[in-house]
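Asker: Coordinates for the following, if possible.
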Amino acid sequence: MSQLKSRHYKDISPDVTVERIISKLYEMDIKVSERWYRDEEIKTESLRLNFTGSAIGCNGKGVDRNFARASAYGELFERYQNNMLCDKTMEMRKQNKSEFGFELAPDEKNLTIEEILNQGNSFTKFIEDKFNMVHMNDIEKVAFLLKISKPENEGKYLSLPFYSVLDNQVYYLPQSFYMKFYGSNGMAAGNTPEEAIIQGLSEIMERVVQKKVIMENLSLPDIPMDVLKRYPQVYDMFEKIRSTEGYHIEIKDCSLGGMYPVAALIIIEKDTGRYGIKFGSHPSMGIAIERAFTEATQGHSVYEYTNRSIFDFQNNEVTTHWNFENSIINGQAQYGYELFSNSNSYSFFDFDCGDMDNKEILKYCIKCLTKNGYDVLIRDVSYLGLPSYHIIVPGVSEVFEWEEQALKADNTFKYVRNLLHDPNQINKDNCKHIITSLNYFSKSILENRVRKYYDNQYIESIPYENIYCDCIYLSAMCNVIREEFDLSFQKLNYMLKNVDMSILEKEEVSKLKAITMYLSGRTKINDHKEVIRYISKFYNEKLCKEIDLLFEDVTKVIVRQYSFNKLNEKKMKDQMIRKDITRKLRKEQKRFKIDQRDLKLLFKSICTEEISHGKN
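Answerer: A predicted model of the protein is given here:
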């Protein structure tokens, strides 16, 4: 076995990687803390790595402790250098601008929408195709984009440069716009540029396949036993689970006929209908399978991963963008019953990079994309010395399905966030936007929490979030302001009948029941005091006085419940640490500037005439 294969295609051994990153953290006076987990069944290791004293950090996983630590520290720098762990509030951005001369990066520019469109790159073409703008004139395009995504800086968008592999030149992309579509997808770090970019492209391809499996209800072929045995470490994991009573395991070829280097682990808990599927990607089939195992056991037992999906012949809400997004966030998603069909959508393809090194693998990956007409846009963010990038492949790597309606919903989200930060401005007219926003994001695991609207206000507790009813309760209170007592009553009555209240204190349950009774009364009697008189026969005097005060002026029901003064000290400490690490990164960015045009040197041997159409 080659050294590269024995290091799992890492160009440097994992212990050296960790030492390198810890040395840089020490230089920056940043401390981190490790918390370890272990899957005893298949012996994989995982950990949580945080900036000391905070919940800010990331996870790492691997087949042993060395690889898990390298995974965690590498991901920390990937996210940190890509600004994902930083304070990006407008307050902090203004402070950065004043102190360092830039908001997010030294090479940023503020561009008008006209300047962005005039670049004519693969991202702007994707946007034009996505929103059917091809037949619009320039004035119509500008008006449309301004309507669906508001500029941040006096009519301009903060934009960051990306190197285009296909065009061999640098373009500026509006940061707020591209993050809506890609998020952290394609962000990667590695010991060398080639290793890092392969990692980013692998993640992109993994999610492309995951989306296709969900949206097209695909059935996938098994990886044959003789092929699986080529990779002893993953085969041992497979055998351990296969021999465990009550569970069934399958390893799938997800290359879709050789198009993508992706494999998947499916583990089923017998007699429950429950299962979990985890995808992994790398041009080495063994590493792709290994990643599926280590991801599935991150922070818990492999058998616990069976709680992600429920088998259902009806395919209810499978092919929805919310379902796909939820699958990316934590694996909780529904898949078509066809996934378990014996009639496969594709034949097995034995993909593997063999004895290629990372330079050869990268060249192969880039050619696979560009020969199909796709551009690869890459941004180098290696400010702290570890090669790190954000990779975007327009038309391929989109994670979030931002149709025009979704972009408008995002603008509504921001408007609602401002309302909730100052609830005194909420009234009968504008609270309908709160209801609309809560309804729109109700199926998103990531967004269906009221706390998401309080990004900078660290609240101790929000009404009924501990039973996951915070959104439905706030929506019901908005109905109260609009005097839609029947709708408000229906929502709270649903909570009482369908939600497990055992986690609540007895007094909290009584209060919710009393409020529900009050709202039921208001559907029949248009007199607040008269309804209070009725419920006072069934609830104690103190509770009735509380409800009397809460509802005597219905325009104030949100002000009285959502004017938060008590801040969570731990969250406040998190925010202080986030501000501190942001300033330290900005200092390094100013000192160690990056020119995206230097990526031409990396791709010089790859960008042949076969790939580039020669824009130099």
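
Asker: so who does the residue nearest to Asp64 when sequence neighbours are not counted touch?
Answerer: Taking Cβ to Cβ, 6 or more residues apart in numbering as the measure, Asp64 lies nearest to Glu45, with 6.0 Å between them; neighbours along the chain are not counted. C-beta: built from backbone N, CA, C; applies to glycine. By Cβ atoms under 8 Å, 6 or more residues apart in numbering, the residues touching Glu45 are Trp36, Tyr37, Arg38, Asp39, Lys61, Gly62, Val63, Asp64, Arg65, Phe67, Ala68.

Asker: Name whatever forms a beta bridge with Glu45.
Answerer: Glu45 has these beta-bridge partners by DSSP bridges: Arg38, Gly62.

Asker: Look at Phe351 and report its pLDDT.
Answerer: What the model reports for Phe351 is a pLDDT of 91.

Asker: which SS state does it fall under?
Answerer: coil (DSSP: H, G, I helix; E, B strand; the rest coil).

Asker: Touching, it and Met285? I think so.
Answerer: Yes - contact criterion Cβ atoms under 8 Å: Phe351 and Met285 qualify, at 5.7 Å.

Asker: Phi first, then psi, for Gly57.
Answerer: phi 170, psi -150 (degrees, to the nearest 10).

Asker: Is the nearest residue to it once chain neighbours are set aside part of a helix or strand, or is it coil?
Answerer: Using Cβ to Cβ, 6+ apart and skipping the chain neighbours, the partner closest in space to Gly57 is Asn50 (3.4 Å). Look at Asn50: counting by three-state DSSP, its state is strand.

Asker: that older thread, the residue nearest to Asp64 and Met84, how far apart?
Answerer: 24 Å (Cβ to Cβ, to the nearest Å).

Asker: how about the strands in this protein?
Answerer: 32-38, 45-51, 57-62, 109-111, 157-164, 169-174, 187-189, 247-253, 262-269, 274-281, 309-310, 377-380, 388-392 (DSSP state E).

Asker: quick one: the fourth one to chain centroid distance?
Answerer: Its chain's C-alpha centre lies 26 Å from the corresponding centre of strand 109-111 when counted by Cα atoms, centre = their mean, to the nearest Å.

Asker: Partner strands of it, with direction?
Answerer: Counting by DSSP bridges, strand 109-111 is paired with strand 157-164 (antiparallel).

Asker: what residues does the strand it pairs with touch?
Answerer: Residues from elsewhere that reach strand 157-164 (Cβ under 8 Å, 6+ apart): 103-105, 107-113, 116, 121-123, 151-152, 169-177, 375-380, 390, 392, 596-597, 599-600, 603, 615.

Asker: PyMOL command to pick out the buried ones of those?
Answerer: Buried residues among the contacts of strand 157-164 (16 or more other Cβ atoms under 10 Å), as a PyMOL selection:
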select buried, resi 103+104+105+107+108+109+110+111+112+113+116+121+122+123+151+152+170+171+172+173+174+175+177+375+376+377+378+379+380+390+392+596+599+600+603
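
Asker: centroid residue for this structure?
Answerer: For the chain, the residue nearest the mean C-alpha position is Ile329 (5.2 Å; Cα atoms, centre = their mean).

Asker: what about that residue, distance to Asp574?
Answerer: Applying Cβ to Cβ, the value for Ile329 to Asp574 is 21 Å.

Asker: Next: Lys359.
Answerer: Using Cβ to Cβ, we find Lys359 at a distance of 40 Å from Asp574.

Asker: Then Lys229?
Answerer: 47 Å.

Asker: Then Met205?
Answerer: Distance from Met205 to Asp574, by Cβ to Cβ: 34 Å.

Asker: Those two - which one has more neighbours?
Answerer: Met205 (28 against 18; other Cβ atoms under 10 Å).

Asker: OK, contacts around the nearest residue to the more buried one once chain neighbours are set aside?
Answerer: Residue nearest to Met205 in three dimensions, not counting chain neighbours: Tyr260, with 4.5 Å by Cβ to Cβ, 6+ apart. Counting by Cβ under 8 Å, 6+ apart, Tyr260 makes contact with Met205, Glu206, Val208, Val209, Cys254, Ser281.
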